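Q: Structure for this input, please:
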Amino acid sequence: MIGYVTLGTNDLEKAAAFYDALLAEIGAGRFMESDSFIAWATAPASPALSVITPHDGNSATVGNGVMIALAVDSKEKVDAVHRKALELGASDEGAPGPRGDTFYAGYFRDLDGNKLNAFYMS
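A: The predicted model follows:
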């Protein structure tokens, strides 16, 4: 089971504004933060997504082949999250739509280049 996922950022302020607005689309808000770290969740005991400036002081880089998937409760919510991400400056990595019989998803990259998707399974 995944408890939380952390993404590196080189601009915590920009990442915070992006994820505050994006994750509000699925009812998540900040529940932990420090001067180098912010975490969002729908409830404190549920899985979380966080951003952090790397502890070692080096630049954050994107993991090749790494993707974070945000589970939502409808196809309309997939569309809304994808649309919001693009409005916030994310780049499109695959428009929302069906991928197989029961999987519906939209893919994007955040402001630091991290790949995410929003998905719904029926």
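
Q: Where does pLDDT dip in this structure?
A: By pLDDT under 70, the low-scoring segments of the chain are 1.

Q: for it, what spans make up the strands?
A: For the chain, the strands defined by DSSP state E occupy 4-8, 29-33, 37-41, 48-52, 67-71, 91-98, 103-109, 115-121.

Q: and those strands as CSV, adding distance to residue 16 and mean neighbour count?
A: To be clear about C-beta, it is placed using only N, CA and C from the backbone, and glycine gets the same treatment. Shown next, in CSV, are these (distance: least, C-beta to C-beta, whole Å; neighbours: other C-beta atoms under 10 Å):
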stretch, distance to residue 16, mean neighbour count
strand 4-8, 12, 17
strand 29-33, 8, 14
strand 37-41, 5, 19
strand 48-52, 7, 21
strand 67-71, 16, 15
strand 91-98, 19, 14
strand 103-109, 17, 21
strand 115-121, 16, 20
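
Q: For the ones you listed, give me CSV that also has distance to residue 82.
A: CSV is the format used below for the strands of the chain (distance: least, C-beta to C-beta, whole Å):
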stretch, distance to residue 82
strand 4-8, 18
strand 29-33, 20
strand 37-41, 18
strand 48-52, 16
strand 67-71, 10
strand 91-98, 5
strand 103-109, 3
strand 115-121, 6
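
Q: Out of the ones you listed, flag the one nearest residue 77.
A: Ranking the strands of the chain by their distance to residue 77 (criterion: C-beta to C-beta) puts strand 115-121 first, at 6.8 Å.

Q: Next, the angle strand 91-98 makes with the closest one.
A: With axes from the mean of the first three to the mean of the last three C-alpha atoms, to 10 degrees defining the directions, strand 115-121 sits at 10 degrees from strand 91-98.

Q: For strand 115-121, which strands pair with it and how are they oriented?
A: strand 67-71 (parallel), strand 103-109 (antiparallel) (DSSP bridges).

Q: export those strands to a markdown table and tack on distance to residue 31?
A: Converted to a markdown table, the strands paired with strand 115-121 look like this (distance: least, C-beta to C-beta, whole Å):
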| stretch | distance to residue 31 |
| --- | --- |
| strand 67-71 | 16 |
| strand 103-109 | 23 |
